[in-house]
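Asker: what follows is a predicted protein model with its sequence.
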Amino acid sequence: MSQAPLKNIRVLDCSTLLPGPYCTMMLADMGAEVIKVERAVSGDPMRVVIPGCFDYLNGNKSFVSLNLKHEKGLELFMKIAEGVDVIVEGFRPGVAGRLGIDFDSVKKINPSIIYCSISGYGQTGPYADLPGHDLNYQGLSGLLSISGDPEAGPEFPDGFQVADLSASMFALVSILAALNGKARSSDPDPVYLDISVSESLAMLMMPRYFEYRDRNRPSKPEFMGRGPYGVFETKDKKYITIGVVENHFWLNLCKVLGFDDLASDKSLNTWPARNQAREKIVPRLKEAIKQKDSEYWLTVFTEADVPVAPVNDFENWAEHLQYKSRNFFPGVGDNKKFRRFPVENLIDDDINESIKAGPGSDNSAVFSSLGLSNEEIDMLKNGKII
């Protein structure tokens, strides 16, 4: 688009690892100027843990380094904070306050600031000070209790950080809503956003919870057992997904497979009934799918209007014809570009894709814009303040 929607919005990103940086990555791709603050020398731990992921999350930002425990470092932080619209931080509750960069401190010098804190359990409550990672939040939210084999106990289900990224999305939505409110006000108040990772995931669990309640609190096997809805191995040792929920898809599936007896069985005319009869349906379905290669099933099920898709892995996902037809992964081979936001017409055309060498690589540009001379910047660097 001619002008990205967040052009002229400035964001100060004090977060590390995944939840905060993923949120600010999307803000940057929609045109916001994002300045990432890191500790001098060591920087964001993601630089070491998963360097490629760090580049993906932060390649569209400016980097400054600051020693926030030093009086001069705090002073420089406040100078930057005075001129931004949004601050995102991911410290444990209380740390920002001890550093002097918390909401109450910042709003004194920037009375219209939108300040977003992302933490594992939120800023209050008995778990607020506890450490945690995605698995812990999945446990607290109830997700693990319904994940994995329906006949087994709680299992770690997801191949990605679903809790962290749910917080990223709720932080993004909250920031955009606050920016909209700010734009509509002639005298905007400061806004504090307390984003809990565990609560963000619990929000995504709500539809499943109400299903659980409406079905009279069934056991896990009764609740999560599925009929013609799952992953199935093909003759060539590949896998496909079949997602039959509605009755017309069920009849289409039975027609392709020649399951006339199942199609005519009126007791299987609903989704809950087919789930209850999974021991009758799934073994036959598995055996039938194993008789042909994956491409055969993808073709015939597609032609018959049955919800089907391949199970891709990281070696072939970018080459799938659906992604290629929409140019979702531009480039070729190892030179492919990976989108940071899926809605192309909201992405800033002038975005900078380059990756800087290390923490503080934009110190000179950012601090000189605040009025510091080259000599002053060198002194700060020599004093290990930046």
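Answerer: Structure's in. What do you need? Numbering: from 1, shown residues only.
Asker: centre-most residue in this protein?
Answerer: Leu165 (2.8 Å; CA atoms, centre = their mean).
Asker: confidence score at that one?
Answerer: We note a pLDDT of 98 for Leu165 in this prediction.
Asker: how about the contacts made by the residue nearest to it when sequence neighbours are not counted?
Answerer: Nearest residue to Leu165 in three dimensions, chain neighbours excluded: Tyr22, at 6.2 Å (CB to CB, 6 or more residues apart in numbering). From N, CA and C alone the C-beta is placed, and that goes for glycine too. By CB atoms under 8 Å, 6 or more residues apart in numbering, the contact set of Tyr22 is 57, 164-165, 168.
Asker: quick check: the residue nearest to the centre of the chain touching Leu17?
Answerer: No. Counting by CB atoms under 8 Å, Leu165 stays clear of Leu17, with 11.7 Å between them.
Asker: can you list contacts of stretch 92-110?
Answerer: 14, 68-69, 74, 77-78, 81-84, 87, 89, 91, 113, 115, 117, 119, 122-124, 128-129, 131, 190, 192.
Asker: sort out for me which of those are in helices.
Answerer: Cross-referencing the contacts of stretch 92-110 against helices under DSSP state H gives 74, 77-78, 81.
Asker: before we move on, back to that, now the contacts of stretch 92-110: which count as buried?
Answerer: 14, 68, 74, 77-78, 81, 84, 87, 89, 91, 113, 115, 117, 119, 122-123, 190, 192 (16 or more other CB atoms under 10 Å).
Asker: so which of those are in strands?
Answerer: Using DSSP state E, 14, 87, 89, 115, 117, 119, 192 are the members of the buried ones among the contacts of stretch 92-110 that sit in strands.
Asker: give me the secondary structure label for Ala309.
Answerer: Three-state assignment for Ala309 (DSSP: H, G, I helix; E, B strand; the rest coil): strand.
Asker: any stretches of the stretch 1-150 of the chain with poor pLDDT?
Answerer: By pLDDT under 70, the weakly predicted segments of the stretch 1-150 of the chain are 1-2.
Asker: secondary structure element for the residue nearest to Ile289 when sequence neighbours are not counted?
Answerer: In this structure, Ile289 finds its nearest non-sequential neighbour in Phe232, 4.3 Å apart by CB to CB, 6+ apart. Using DSSP states H and E, Phe232 sits within strand 229-233.
Asker: give me the beta-bridge partners of the closest residue to Leu193 other than its chain neighbours?
Answerer: Nearest residue to Leu193, sequence neighbours excluded (CB to CB, 6+ apart): Cys116, at 4.2 Å. Counting by DSSP bridges, Cys116 forms beta bridges with Val88, Leu193.
Asker: what is the orientation angle of the helix ranked longest in the chain with strand 114-119?
Answerer: When every helix of the chain is counted residue by residue (DSSP H), the longest turns out to be helix 162-184. Calculated by axes from the mean of the first three to the mean of the last three CA atoms, to 10 degrees, helix 162-184 forms an angle of 170 degrees with strand 114-119.
Asker: run a quick neighbour tally on Gly139.
Answerer: Look at Gly139: counted by other CB atoms under 10 Å, it has 16 neighbours.
Asker: roughly how far does it sit from Ser147?
Answerer: Using CB to CB, to the nearest Å, we find Gly139 at a distance of 10 Å from Ser147.
Asker: please enumerate the shared neighbours of these two.
Answerer: With CB under 8 Å, 6+ apart, Gly139 and Ser147 have common neighbours Pro154.
Asker: these two touch, right, Ile385 and Gly73?
Answerer: Yes. If you go by CB under 8 Å, Ile385 and Gly73 touch, sitting 5.0 Å apart.
Asker: shared neighbours, those two?
Answerer: In contact with both Ile385 and Gly73: 66-67, using CB under 8 Å, 6+ apart.
Asker: separation between the residue of the chain positioned farthest from its centre and Ile281?
Answerer: Distance from the centre of the chain peaks at Asp261, with 43.9 Å (CA atoms, centre = their mean). According to CB to CB, Asp261 and Ile281 sit 11 Å apart.
Asker: with that, I have no additional questions.
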